[in-house]
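In: 3D, please:
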Amino acid sequence: MATRREFLCAAGAAAAGDRLRLTDTKGEKVAVTYGGTTLLEYRYSAARPKTYIHPLCLAGGQPVTLDGPKDHVHHRGLMVAWSLVNGVDFWGETNPARHGQIVHQRFERLREKPAVEIISINHWIAEGKLLLIERRTVRVPRPTPDGVWLEWITELKTAAEPVKLAAGQHVYNGLGIRVVPGMDGGGVLNSNGTASIEKANGEAAAWCAYHGGGAGVAFFDHPGNPRHPNAFFVMNKAFGYMSAAPTFREPFELALNQSIRFHWGVLAFSGDPNAEALQRRFQSWRKENR
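Out: Numbers count the residues shown, from 1 in each chain. Modelled structure (predicted):
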């Protein structure tokens, strides 16, 4: 969880009159800062094949995400994507496949108080056809002793035809994060008490945390999500990656004009995961979002 120094720095900044701030660089990104320290950047450039968050940082400003590494250029920080949407790949970017793009259309809301709220509309477009309309909400409150918290809500609605969201051989689809190299080779802990990568990969859980190199990220699966508790994908070799993966074992099939909604919590923290603290976070979040 957050170090005492990180929290005291954040508290000192608040006492000095600093607060959560949101800065929109038009056509590029929305930066969220606290006390002058970057918490995250929401990237929405039309030059990118996806909209995503990078960096996601600890309370002291140290990034935990990686964007477009050479080994997997399509790994974009913290992102939502699927490798099979009616047979089209919205995950990969350079692999030999039919590719789609997740394209920012507009912001419905950019708000600083009482917490930062970014609400955007994205179009999932493939070969000139609009397949899905996404309403995405990212909420970011002030950092706490636990770390930097955000909520991510993705609402997908079919646009022109029924849609099958599938995994195929790629079971990691959903909300995913590629961590910085210093976190590679790390460990895992989930709400079942599982601390083995091999067992945690594919195991249904209320939350799952990946940690390494003195930092960690936890994903929380809201009880209102379809198929809760959902499976998580997690790996630590040759690099660290984790996904909240609702199609790990079976696809979703959506009729024309049908919607599906996913609600996740994300916590970036310093140190090793604390099972009791993460469970308290999950329980309080569930009560706040009934």
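
In: The residue lying closest to Thr23 once chain neighbours are set aside in helix, strand or coil?
Out: Leaving aside its sequence neighbours, Thr23 sits nearest to Ala31 (C-beta to C-beta, 6 or more residues apart in numbering; 4.6 Å). No exception for glycine: its C-beta is placed from N, CA and C like everyone else's. Classification of Ala31 using DSSP: H, G, I helix; E, B strand; the rest coil returns strand.

In: For Ala31, give the beta-bridge partners.
Out: With DSSP bridges as the criterion, Ala31 is bridged to Thr23, Glu41.

In: thought it was touching Thr38?
Out: Yes: if you go by C-beta atoms under 8 Å, Ala31 and Thr38 touch, sitting 6.3 Å apart.

In: and for these two, which residues touch both?
Out: Common contact partners of Ala31 and Thr38 (C-beta atoms under 8 Å, 6 or more residues apart in numbering): none.

In: Who are the packing partners of the helix or strand hosting Cys208?
Out: Assigned by DSSP states H and E, Cys208 belongs to strand 207-212. Applying 3 or more C-beta pairs under 8 Å, 6 or more residues apart in numbering; DSSP states H and E, one finds that strand 207-212 contacts strand 187-190, strand 215-221, strand 232-235, strand 241-244, helix 275-288.

In: swap the cut-off to 7 Å and go again
Out: strand 187-190, strand 215-221, strand 232-235, helix 275-288 (3 or more C-beta pairs under 7 Å, 6 or more residues apart in numbering; DSSP states H and E).

In: State the mean pLDDT of the longest one.
Out: Read that as helix 275-288. Average pLDDT, helix 275-288: 96.

In: what angle separates that helix from strand 207-212?
Out: If you take axes from the mean of the first three to the mean of the last three C-alpha atoms, to 10 degrees, helix 275-288 sits at 140 degrees to strand 207-212.

In: Identify the residues contacting helix 275-288?
Out: 1, 146, 189, 191, 193, 206-207, 209, 218, 220, 223, 265, 267 (C-beta atoms under 7 Å, 6 or more residues apart in numbering).

In: okay, now Ile125: neighbour count?
Out: 17 (other C-beta atoms under 10 Å).

In: Distance check, it against Asn289.
Out: 31 Å (C-beta to C-beta, to the nearest Å).

In: how about the helices in this protein?
Out: Ranges of helices in the chain, per DSSP state H, are 4-15, 197-200, 275-288.

In: still on that earlier bit, of all the contacts of helix 275-288, which two lie farthest apart?
Out: Taking C-beta to C-beta, the two most distant members of these are Met1 and Pro223; they sit 23.4 Å apart.

In: So which of the two has more stuff around it?
Out: A count of neighbours by other C-beta under 10 Å puts Met1 above the other of Met1 and Pro223, at 19 against 14.

In: Could you check the pLDDT of that one?
Out: pLDDT, Met1: 55.

In: Residue ranges in this structure under the pLDDT threshold?
Out: 1-17 (pLDDT under 70).

In: circling back to that earlier point, the strand holding Cys208: which residues count as buried?
Out: Neighbour-count burial for strand 207-212, counted by 16 or more other C-beta atoms under 10 Å, picks out 207-212.

In: One more: stretch 122-132?
Out: Buried, per 16+ other C-beta under 10 Å, within stretch 122-132: 122-126, 131-132.

In: ok, so of those, who is nearest Tyr42?
Out: Asn122 (11.5 Å).

In: List the contacts of the nearest residue to that closest one once chain neighbours are set aside.
Out: Closest residue to Asn122 apart from its sequence neighbours, by C-beta to C-beta, 6+ apart: Glu134 at 4.2 Å. Taking C-beta under 7 Å, 6+ apart as the contact definition, Glu134 lies against 122, 124, 154-156.

In: just to revisit the earlier point, make TSV out of the helices and strands packed on strand 207-212 and add mean neighbour count and distance to Pro96.
Out: Shown next, in TSV, are those (neighbours: other C-beta atoms under 10 Å; distance: least, C-beta to C-beta, whole Å):
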stretch	mean neighbour count	distance to Pro96
strand 187-190	23	32
strand 215-221	26	30
strand 232-235	24	23
helix 275-288	14	40
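
In: Quick one: closest of these to Ala59.
Out: Nearest of the helices and strands packed on strand 207-212 (C-beta to C-beta): strand 215-221, 10.9 Å.
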